[in-house]
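In: Only the shape, not the letters, is given here:
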């Protein structure tokens, strides 16, 4: 029993598990106190205040009622005045026993007839005023009493209440018309409540205009009623005459036909004029200030316009005139965008240049500038972002901290996506590591990705930057057509080529090739219409394939991408006589007939041009007649036709993963040092998120970080300069400020798997700041990639990194110099450094990136180059004509030696109309690798290839032999001096000869005169005299030399030639000696320095999709889109070992044929 009593008693059934955890809380429930909050709002006063003041909707109703009440009092006063009869009012007042009323007519402006309705309205107004005063009382009663509105209310209501209890003054005059001022105050309060109710805060301009109008109306109404009443004792003016007098007086016209007669009315006029002179200027000043502020902020884009019109929004942090004009010119270059409006949303105030441009009628009707922030929903609502067709968000590339600029762009993109989820986003980002933050955007252009990939391809495919820039700019190919230079006309015409798309079933260009191979369609479309088919997209696949190869069979649902002057919809077709008669025309090389119509280029849908036909070279049957080979009678075979369908026996796989044409994977350099094994694979370490995987040449084992340093030896090797490594190929040097993640995109295209191992160029990164381990980890897997700390303006650093063994020097614009006090001075340091390199190393190809495209005229600057001056004038003419590519004729840009990333801004703008342009550009530059898609490469035309003759025959040769699609030519020609240049050179030569001859004769006096003549040689008369003197002196010298001995003659000529050479090349020799001295100081051999080979007498330019009859010239570089070598490797059937040798030999034969 004791054990049972000691046990815990069982829990009653009412307990739950919650009670077991929390314990028994019954004792706490007895002490719980219920607390009520906000009990102060339960009082009668607070409830009235909530209804009359605090609540937005109820207070708005009170304001409307008060405003209506005041208007009613003014209306009753007007009715009383119109129906009033002064005689009857006087007799009525006497009949009421007003013995004390003034005698005569003065009683007419003291006593008036009263209506009962006016008394009722006055009582209601008085009660409402007192109630509102009680509810808004804050402890200072005198402040509320002496308010103007309260005093006016008492003047207009209290006398009515007094006359109820004092009948003798019941008809006394009360200035009820002063209620118009109370109505004005009520209207202002009502408008404020309306804006507060609908959350509208940008209505200051509307409020101020409303206040000004109400003030004018109240002044006129007060003056009209006051003068009319006071003139009852004088001229007895009607209400209309009083209104007429007030309008004439306030407008300062003053006809004088209606004037007040008695002094009270005259005094009232003086008072009203004084009030108007004080009140109205204040109102106008406030209005003008608000108007100016609105002009700065830009106002609003109305909802009605947004719903009935189409507009896009451009969001920038700082709007520059160059950026604005590039956007507007490119955006409105497309015909279907002419009716669009551009709304610019920028946080900064519009500068003077932008304001002037937007005042031009061409832009003032289509461009709306709004000052505001994208992070504010109110500003996005002003721009009607939710109704916009697109939103372009551009980064500020001139910022010193480009990472901070990207962060601002990311926040803007997030804000737009949050406010308008359905609005298409076009985002420009600077750093590749920030790209994944805006991957939700419809189109993203990463500046550093495109920049470095384009600079890298410039080293292996010359002028790739110019090629891509011309492709993404909208032009009609009319630039330079009035120039006397042939190359400028060709270059300008071909620059109008762009990329377009069309479905195969809807196309006249490609519709007939349904069921044919891609290569066959590309060649015959180019031969017949002059268009270059470069890629397709399957209906069931979103990927675009550049040159999918002859195995791809064209389908009716395929989307074709082609290069042409204009799109097919804007082209008219002019057929030759054979096609008009219904007979099939002869082929391009089927007989001695003329070529068919190559290209039908339309001028935007109206006019078509039938280009002049040319005859092909002499033919014999179906065979071409090329020149003999090695002086023998054997002749090369004619170009094979392009097959309609791919022949599996003739098309061999190109498996670069096991390419037997290349040597073993272990190489040895010239000194016998064994190098590291190379493999093909995907880079294991990407420096940022979002980089596209690319199959590359890699090292079998990662190189240690110490081995990546070019100028310092380590325990693995003792090399300290580029000469010690013994590289077989020329170097590619990149000068950059920091090792950013964008440099990764420079290395990848140069180490892609489709580049032969023997052609890989060593890459040296010349960095101002040493790279971090994260970047070294990303590049240590690539072969022949080194870095070195140094600057471009340090000659020792350049020599040590091997600039004399380099073929290309890439100068990347430094971030620290992008921001300058004067915008266009941001490139000053880069331009001067590159000019120094140009003078020190003339044979070096220098590829420079600039911040501003207009500064490219200073690249390789020559002060007395008349040809460059002529090109400058041509650029100005093209700019005046409205060309978007006025800078294209500058020799550095045409040759691909200079590039500005701002030129690629049009790529983002074009993607609004051509949503495929960004993807095609990425495929061309090697930033994306789609399985089955080709890549951009180049081949050089040699003397052995000139038998092909024309670009059209080259197209057939490449399509039939290697299934490669040419898209353009990079041509280099000899520089032709202008007449002024020849004159200058001849004068300089004559002056040099004169100087030598004078020294030879030892005539000191004449030598002094000649030196003075040289100092003033710019004068035309002196130049003419010096030339005449040179002729006379030359004749005398000839006669003197005729009688002298042969030894003296040879000695004099040798001295003269030496002095002439010294005069001409003194500066060059001085620079050469400087370089050699520094090389000796660094312990470097001077044998590799060649200062005489330069490019000063040549010019280069790009021809995009030239006509088929364009003649090939020696050293032409042809841009090719080569099909993917790995596209069909998996589809190949296994072969027997006995046939491997035959296949290998056949592959070698075709490769020789492919290389022309």
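Out: Sure thing, it's come through. Bear in mind the structure is a predicted one, so any value in this text is a computation, not a measurement.
In: Next SSE downstream of the host helix or strand of residue 873?
Out: Residue 873 belongs to helix 866-880 when assigned by DSSP states H and E. Using DSSP H and E, the helix or strand that follows helix 866-880 in sequence is helix 891-894.
In: Packing partners of that following helix?
Out: Here helix 891-894 touches strand 1098-1104, going by 3 or more C-beta pairs under 8 Å, 6 or more residues apart in numbering; DSSP states H and E. Heads up, the C-betas are built off the backbone N, CA and C, glycines and all.
In: strands paired with the strand it packs on, and their directions?
Out: Strand 1098-1104 has its sheet partners listed here by DSSP bridges as strand 965-974 (antiparallel).
In: quick one: buried residues of the strand it pairs with?
Out: Neighbour-count burial for strand 965-974 flags 965, 966, 967, 968, 969, 970, 971, 972 (criterion: 16 or more other C-beta atoms under 10 Å).
In: cool, and stretch 485-496?
Out: Using 16+ other C-beta under 10 Å as the test for burial, stretch 485-496 gives 485, 487, 488, 490, 491, 492, 493, 494, 495, 496.
In: Please tabulate those in TSV, including the columns pLDDT, distance to residue 521 and secondary structure.
Out: What follows is these, written out as TSV (pLDDT from 0 to 100; distance: C-beta to C-beta, whole Å; DSSP: H, G, I helix; E, B strand; the rest coil):
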residue	pLDDT	distance to residue 521	secondary structure
485	87	36	coil
487	89	31	helix
488	88	33	helix
490	92	27	helix
491	92	28	helix
492	90	29	helix
493	91	25	helix
494	92	22	helix
495	91	25	coil
496	90	23	coil
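In: export those to CSV and tack on distance to residue 251?
Out: As requested, these are arranged in CSV below (distance: C-beta to C-beta, whole Å):
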residue, distance to residue 251
485, 68
487, 71
488, 65
490, 70
491, 67
492, 62
493, 65
494, 68
495, 63
496, 61
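In: in what helix or strand does the residue nearest the centre of the chain lie?
Out: Centroid-nearest residue in the chain: residue 905, 3.4 Å away (criterion: C-alpha atoms, centre = their mean). Using DSSP H and E, residue 905 sits in helix 905-910.
In: Need the contact partners of that helix.
Out: 323, 326-327, 330-331, 392, 394, 426, 428, 443, 445, 450, 472-474, 884, 917-918, 921 (C-beta atoms under 8 Å, 6 or more residues apart in numbering).
In: What about the residues you listed, which are in strands?
Out: Using DSSP state E, the members of these that fall in strands are 392, 426, 428, 443, 445.
In: Please name the nearest non-neighbouring residue to residue 517.
Out: Sequence neighbours aside, residue 550 is the residue nearest to residue 517 in space, at 4.4 Å (criterion: C-beta to C-beta, 6 or more residues apart in numbering).
In: Give me the secondary structure label for that neighbour.
Out: At residue 550 the chain is in coil, as set by DSSP: H, G, I helix; E, B strand; the rest coil.
In: Let me know how buried it is, in neighbour terms.
Out: Other residues lying near residue 550 total 24 when counted by other C-beta atoms under 10 Å.
In: Quick check: it touching residue 521?
Out: No. When contacts are counted by C-beta atoms under 8 Å, residue 550 is not listed as touching residue 521 (10.0 Å).
In: Output the below-cut-off pLDDT ranges for the stretch 1051-1156 of the chain.
Out: 1057-1066, 1088, 1090-1096, 1128-1156 (pLDDT under 70).
In: show me the contacts for the nearest residue to residue 768 once chain neighbours are set aside.
Out: Counting by C-beta to C-beta, 6+ apart, residue 737 is the residue found nearest to residue 768 once chain neighbours are left out, at 4.7 Å. Shown in contact with residue 737 (C-beta under 8 Å, 6+ apart): 767, 768, 769, 812, 814, 815, 816.
In: part of a helix, is residue 269?
Out: Yes. Under three-state DSSP, residue 269 falls within a helix.
In: before we move on, back to that, from the contacts of residue 737, pick the one nearest residue 748.
Out: Nearest to residue 748 among the contacts of residue 737: residue 812, at 16.1 Å, using C-beta to C-beta.
In: where's the closest one relative to residue 767, distance?
Out: Distance of residue 812 to residue 767, computed by C-beta to C-beta, to the nearest Å: 10 Å.
In: Which one of these two is surrounded by more residues?
Out: Just comparing residue 812 and residue 767: by other C-beta under 10 Å the higher neighbour count belongs to residue 812, 24 against 21.
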